[in-house]
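Visitor: compute the structure for the input listed below.
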Amino acid sequence: MLVGMLTIGLIGGMSWHSTEAYYRRINEQVAARLGGHASARISLQSLNFAEVRDCQVRGDWAGSAAILADAARRCEAGGADLVALCTNLMHKNFPALEAALSVRAVHIADAVAAVAHREGWTTLGLLGARWVMEETFYADRLAEHGISVVVPDAAGRELVDRVVFDEITQGRFLETSRAAYVDVMRDLAARGADATVLACTEIGLLVSPEQAPLPVIDSATAHADLMVDLALQDTLVGS
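Guide: Purely as a prediction, here's the structure:
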């Protein structure tokens, strides 16, 4: 008999490529830990990224916050006991999402920090959308865990951001962009990064750990694994 598995809420679609990776990773981990026919209980809200992207481009963060808060409430209405926002950048709106819920929202940077602590890394190179690299909402959350960040120079930030929105969030994974990201990672390592956090949930689909010149934390994988830990913490399997 299976007792106590919580329902995981996912707010995805930003882009759907990484949301698919979340769904797969969560179910693979549940199956590996529980065996048999076990799979995850998931309440999924997959948004139209075009609507969210329009808010980003216009700087309408109140508008995107309203979209995410509505999705959070729908996740909870669908039975979610805890909720993950399957994107790094939109954690800029995490306070609004958290306020919309009566269940726990799990911040992606907390999942990244958990991996860093386990590995003994205290300085992380930060790759993601330009807001993630240039504003403080993400770095400040890591700082709460005693972790500092190194970001690419201006040219590197422009490159990383362009590839995020012109390519990988649209399902385009180019060898030239992979090589360019590896070069940016080498610079981060030279400037003191112990590891690089892939703080866009699609970057792990472009650059694998084997291709990276220093250790990486795939934020999507870390977030998915933490959700499984929390969902199964009270689960018992017996006869």
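Visitor: make it CA atoms for all contacts and neighbour counts henceforth
Guide: OK.
Visitor: give me the buried stretch members for whichever strand or helix holds Val228, please.
Guide: According to DSSP states H and E, Val228 maps onto helix 219-232. Buried residues in helix 219-232, counting neighbours by 16 or more other Cα atoms under 10 Å, are found at 219-228, 230-232.
Visitor: same for it, what does it pack against?
Guide: Packed against helix 219-232 by the contact rule (3 or more Cα pairs under 8 Å, 6 or more residues apart in numbering; DSSP states H and E) you find helix 16-34, strand 82-85, helix 108-119.
Visitor: what's the shortest one in contact with?
Guide: With contact meaning Cα atoms under 8 Å, 6 or more residues apart in numbering, strand 82-85 is reached by 6-12, 72, 75-76, 91, 103-108, 223, 227, 231.
Visitor: all helices of this structure, in order?
Guide: Secondary structure of the chain (DSSP state H): helices at 16-34, 49-58, 61-77, 94-100, 108-119, 130-134, 137-143, 154-166, 175-190, 203-206, 219-232.
Visitor: where does the prediction get shaky in the protein?
Guide: Applying pLDDT under 70 to the chain flags residues 1-3, 234-239.
Visitor: Gln45 contacts Met14, correct?
Guide: No: with contact defined as Cα atoms under 8 Å, Gln45 does not count as touching Met14 (10.8 Å).
Visitor: show me which of the two is the more surrounded one.
Guide: Set Gln45 next to Met14 and count neighbours by other Cα atoms under 10 Å: Met14 wins out with 26 against 20.
Visitor: quick check: the more buried one touching Thr87?
Guide: Yes: counting by Cα under 8 Å, Thr87 is a contact partner of Met14 at 6.3 Å.
Visitor: and this protein, what are its domain boundaries?
Guide: Listed domain ranges for the chain are 2-107+223-237, 109-219 (source: automatic domain parsing).
Visitor: what about Ala113, distance to Thr123?
Guide: Separation of Ala113 from Thr123 (Cα to Cα, to the nearest Å): 10 Å.
Visitor: quick one, which of those two is more surrounded?
Guide: Ala113 (25 against 21).
Visitor: name the stretch among the helices and strands packed on helix 219-232 that sits most buried.
Guide: A comparison of the helices and strands packed on helix 219-232 by mean neighbour count, using mean count of other Cα atoms under 10 Å, puts strand 82-85 on top with a mean of 26.
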